[in-house]
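J.: Here is a sequence together with a model predicted from it:
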Amino acid sequence: MRRFLVLGMVIGLALVSVAQNVWDVRRAVNLDVPGGPVAPGEVVTAQEIIIGRGTGIVRFAGSVLSNWNWDIPENALEGRNYTCATTSKRENALYLQFNLNIPSDAIVKWIGVDVFGTQTPAQRAMLWVRLESGSDYYEYREPLPPGECGAGSITLGEDLRGRHLWDRQWTPEEINSLRVRLRAEFTDPGREVHVHIDAVKHRPLL
């Protein structure tokens, strides 16, 4: 027999980011929605649910650190607005920073990253997404969905084992100085392919 659980939360606003108390689904059997923070009023359907409580931070990339062969890189900043930084060059790199300010005594439980990006035409490009702080980094290589600017996204920080910390523990100081590097890899160099990035969202859970 299935059990139904409705969870609510209180959302608090800060000047530099959006912080919210969230119920963090640690384990769920036969879950109809992906495990993770539960949205206000969302119904979770599962046979078994184990939850904990944490504070989620939502922050979009706020500044361009460096750019190599991306057109209008500032279009990848702040929230989604359907204007994109774009590249079709084989050699490229775009560095963005989030400018977070989490407390020095916080414990980072999980890091999620949403990249609102697409490619045209389909199945011709991969996106390398690297999180860096100091000399340490971890990266994903993922295909982007097809479509024009703002038409799709990918979510990183989750795998078959559940949500994770990109294979290392992060300190608050490292999270506050965190930057992301985006690099498009074109798998069919003989064709003209465009990669579009509308925004990058960083979601650490404390």
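T.: Thanks, I have it.

J.: okay, CA-based contacts and neighbour counts for the rest of this
T.: OK.

J.: can you list the domain ranges for the chain.
T.: What automatic domain parsing lists as the domains of the chain is 3-57, 61-205.

J.: Could you dump those into a markdown table with mean neighbour count added?
T.: What follows is the domains of the chain, written out as a markdown table (neighbours: other Cα atoms under 10 Å):
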| stretch | mean neighbour count |
| --- | --- |
| domain 3-57 | 15 |
| domain 61-205 | 18 |
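
J.: quick one: which of these has the weakest pLDDT on average?
T.: Across these, domain 3-57 has the smallest mean pLDDT, namely a mean of 47.

J.: G112 is in contact with Y140, isn't it?
T.: No: counting by Cα atoms under 8 Å, G112 does not reach Y140; the two are 12.0 Å apart.

J.: Would you mind grabbing the residues shared as contacts by those two?
T.: Residues within reach of G112 and of Y140 at once, by Cα atoms under 8 Å, 6 or more residues apart in numbering, are L156.

J.: Now do stretch 99-112: everything it contacts.
T.: 16-17, 59, 61-63, 155-158, 163-166, 169-173, 175-178, 202-206.

J.: what does stretch 72-80 give?
T.: 60-64, 67, 83-86, 94, 96, 116, 150, 197-201.

J.: and E174, helix, strand or coil?
T.: helix (DSSP: H, G, I helix; E, B strand; the rest coil).

J.: Quick check: the gap between it and L131.
T.: 10 Å (Cα to Cα, to the nearest Å).

J.: Which residues are in contact with each of the two?
T.: Counting by Cα under 8 Å, 6+ apart, nothing touches both E174 and L131.

J.: what's across from the residue nearest to F60 when sequence neighbours are not counted in the sheet?
T.: Spatially, and ignoring its direct neighbours in sequence, F60 is nearest to K201 (4.3 Å; Cα to Cα, 6 or more residues apart in numbering). For K201, the beta-bridge partners under DSSP bridges are F60, D114.

J.: what residues are up against K201?
T.: Counting by Cα under 8 Å, 6+ apart, K201 has contacts V58, R59, F60, A61, G79, V113, D114, V115.

J.: Could you export these as TSV, including distance to S135?
T.: What follows is the contacts of K201, written out as TSV (distance: Cα to Cα, whole Å):
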residue	distance to S135
V58	24
R59	22
F60	22
A61	20
G79	28
V113	20
D114	23
V115	23
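
J.: which among these gets closest to A122?
T.: Closest approach between those and A122, by Cα to Cα: V115, at 16.8 Å.

J.: Tell me which residues touch the nearest residue to that closest one once chain neighbours are set aside, please.
T.: Of all residues not flanking V115 in the chain, V200 sits nearest, at 4.6 Å (Cα to Cα, 6+ apart). By Cα under 8 Å, 6+ apart, the contact set of V200 is F60, A61, A76, L77, E78, G79, V113, D114, V115, F116.
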